[in-house]
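**Student:** Sequence first, then the predicted structure, then my questions.
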Amino acid sequence: MMCEAILKANNIKTNFTFWSLCILSISEVILTQKTIAINFYETKEIQLTENGTKNCDYFDEFSYFDDQKPVLYSLDSNSKVLQVFIINLETFFLNFSNEEEIQENQQHNIYININILSYNEFLYFYNIVMCFPFLIENVNENRYQLMLKICDILKIKTNKLFEIFIRLILFFQIFNPGATNKWKVISTSKSYRCSSIISKKAIVEFFKIYFISEKTQKEIKDISRALYLTADFSFDFIKLTEDFLYLDDDIINEILEKVKKSNDDLKIFDYIFCIHKFNCIFLSQISYADGYDELFNLSLFKNLNEIFINRCQNADVLIQKIYNSCGSRCIKTLNIIQSNFTMKYEIPWLRKLDFEAVNYIVGIDDHRTIFYNSDASLLVQNIFSRFIDKIYEENKSNIFVRTSEVSCYDQDKKFFVQFYQERSKLENFTTTNSPIQTYIYTELINAFLSFNFYIINFSELKNIKIHLSNTCIKDFNIRESEILNNISTVTIVDSTLDAIFLSKILMLLSLKYVVFMKCIVTFHKNVIDFNVNRKIEKLYFGNSSIDDQNHFFKFINHMVGLKILDIHSSSCCKNSNIFAFKTDSSTLDFSNLKSLRYHVFYFNKDIKPVFPKFLQLLQFDFGVNYPKGTLNKIFYNNNFSCLEKLNIYGSYIGKKDELAFENYINLLSLCFFGYSECSEMNFCKLFNSNNLYSLKKLKLPDIEITCLDLEFLSKLKCLKNIYIYSLAPQVNIFYFITSLLFVQKIEIAKKSNYLNEIYEEFGKKLKSNMI
């Protein structure tokens, strides 16, 4: 009995120890893992009593497990948390957008109103994610939209995992045995409209299923292409966001090519666009043809409220087709950029369409209409008076002919206005009224001073560019606020200017781009107080000289928003190099600069440039004709820590340049242009072979690649594109092939005896410039 009692006691003790260890282990896991708590609450409003009031349907915050219980924000007395669900981020397939911010021993809390998302709806989503890829064959249209809605609400990161998740669900949506009945009868139930970012991601994954090209996928996934095409315009109505879907002629033709073999494929596309709706669309360089009717009848074009028609042919046919599909009840805004119409006078036709607003940047055609200031035409009288009387005449004592003491005003009073449309069409544009706004490109030209701008309905001025040449500028005054507030570019060529004029440049509130070409900047020991300018983004300084570089630095430092700096000098121009050693360039503040283009020809015994630290610089173009040791001097100290793209023009590389690029592990592109020679050492010696580099594109200088170089290149696992001048004779062709198998594109300039073997292995990857 005693033995039995002892055994029982030991068994109880063992069980107690086992369960204690289990509890401790589970507690340790809970306390050390990163988790998110989804709190489902009742009522329409929620308030954070600790930080004041915040009314919302969704909010989140962090809680720490450093104490016995987490510190939580309390809810308003009218709100009540009904259920809480804990997600372990280590086991959850998808990622949250702020997941990286969550530290160990930290729980992230998300509060969701049950009127937006119920607990059971979330539970369904959670089970699908945790069982992925199982169960997805049962996902129907409504459940698919529910999951998109939840991804939106929870701010799920749209990364590779999200793409795989969506692509497989879409695949089963379209191709499982019961799918045909789904997409042949489109659901009319009210659907959730998810964010455009998620919709674009889903469409790209759908396109992958249909083997749509990577080029189309890239252009449709965001609005970068649309932003590039509209970069030259600074009008209030051009506000492109990710809500816009981009389409052009190539994309449309590729889609039509995929669906022409089967009517069912067209219905599938329509089914997808019924789920993924867009309010805004950007159509570019489309020439509408009869075969396009199938695509423009899709649901994609039936829910629009804003359209961009950019540089399209047959624009009236395209607009009419979309108008008929969508109707005036949906489309509110039509934006037309330099597109061609089949009719001669498009304004009366546009006026008949029931749009709330029409913004029309008129295209430039082959016709030219010129008016001289001696012409009494009422059409342009207002233009002449505003520029000649209020700028040219007012500055007649400030702007002189460069080679004399004669004012430009006294030298030449002749001006002419130039348009790129027929005169009859210009008169037609003057009759427009709300809601149509016409933007017409206009040039006002004089021997010394010219203005390029857009005139809106022949009244308001926008995007004014001023160009002065062969002048001596002592001051510059503009009193008319409309002109003063709409100057976007100032270009000075073959002129002499002083600090007073520089100070006036900084006072232009809309100025973005400043150009000095073949100019002389003089300060005459004048002490000028410069105003801070936050709008200027780009400065070009070419073949120009300065008599006081420290004062010029002061001028540059007051451009606090400067993003692009262009320095060019192709001659021995005195003091043209603002980064010369004798100047204190460390006083320059380039905290916002993204791109530096430094094309200054080096002449024998010139002072090598000294650059300050560039904290945000992404692209650097450097040259030309610099001697050995220059690259090490400029780059070794890592003054360009964020650099992603480096282009080097005509530089000599030698032993003194060893390890010049050692610290640039985040560099994505390195290209040598012109005659760049590398001698005394292997190219790979510019780097540290022990570091891992991120290079994707590499254009090597005119050197022979050695086995040592190939060993280094084989470690560049991100490399996609490489240019090689030639291979050294001792390089084993098999080693060359195996070292670069992962590279997508290879370009070889000089003839190789192993060309056939290389072609056989690399196929289309290889591009050869061989003779």
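**Tutor:** Thanks, I have the structure now.

**Student:** can you give me the helices in the stretch 151-300 of the chain?
**Tutor:** 160-175, 179-184, 196-209, 214-220, 224-229, 249-259, 263-275, 293-296 (DSSP state H, counting those that start in this stretch).

**Student:** can you pull the buried residues of the shortest one?
**Tutor:** By neighbour count, and taking 16 or more other CB atoms under 10 Å as the criterion, the buried residues in helix 293-296 are Glu294, Leu295, Phe296. No exception for glycine: its C-beta is placed from N, CA and C like everyone else's.

**Student:** what mean pLDDT does that helix have?
**Tutor:** Averaged across helix 293-296, pLDDT comes to 87.

**Student:** Please identify the helix or strand for Asn592.
**Tutor:** For Asn592, there is no host helix or strand (DSSP states H and E).

**Student:** hang on, the earlier thing: mean pLDDT lowest for which of the helices of the stretch 151-300 of the chain?
**Tutor:** helix 179-184 (a mean of 52).

**Student:** Turn the helices of the stretch 151-300 of the chain into a markdown table, including distance to Asn592.
**Tutor:** What follows is the helices of the stretch 151-300 of the chain, written out as a markdown table (distance: least, CB to CB, whole Å):
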| stretch | distance to Asn592 |
| --- | --- |
| helix 160-175 | 32 |
| helix 179-184 | 50 |
| helix 196-209 | 26 |
| helix 214-220 | 28 |
| helix 224-229 | 19 |
| helix 249-259 | 35 |
| helix 263-275 | 40 |
| helix 293-296 | 43 |
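
**Student:** closest one to Ser407 among those?
**Tutor:** helix 224-229 (42.0 Å; CB to CB).

**Student:** tell me the centre residue of this protein?
**Tutor:** For the chain, the residue sitting closest to the mean C-alpha position, by CA atoms, centre = their mean, is Ser224 at 5.3 Å.

**Student:** picking that back up, can you redo the buried residues of helix 293-296 as a markdown table, where the extra columns are distance to Asn253?
**Tutor:** What follows is the buried residues of helix 293-296, written out as a markdown table (distance: CB to CB, whole Å):
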| residue | distance to Asn253 |
| --- | --- |
| Glu294 | 12 |
| Leu295 | 10 |
| Phe296 | 13 |
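
**Student:** per-residue pLDDT, Phe16?
**Tutor:** With respect to pLDDT, Phe16 scores 46.

**Student:** residues in contact with Phe712?
**Tutor:** Shown in contact with Phe712 (CB atoms under 8 Å, 6 or more residues apart in numbering): Phe683, Cys684, Phe687, Ser689.

**Student:** In this model Glu711 seems to touch the first one, though I could be wrong.
**Tutor:** The one in question is Phe683. No. Counting by CB atoms under 8 Å, Phe683 does not reach Glu711; the two are 11.6 Å apart.

**Student:** what about those two, which has more around it?
**Tutor:** Shown here are Phe683 and Glu711; by other CB atoms under 10 Å, Phe683 has more neighbours (20 against 14).

**Student:** what's the pLDDT at that one?
**Tutor:** At Phe683, pLDDT is 92.

**Student:** do the same with Leu509
**Tutor:** If you check Leu509, the pLDDT there is 90.

**Student:** you'd agree it is in a helix?
**Tutor:** No. Leu509 is assigned coil when assessed by DSSP: H, G, I helix; E, B strand; the rest coil, not a helix.
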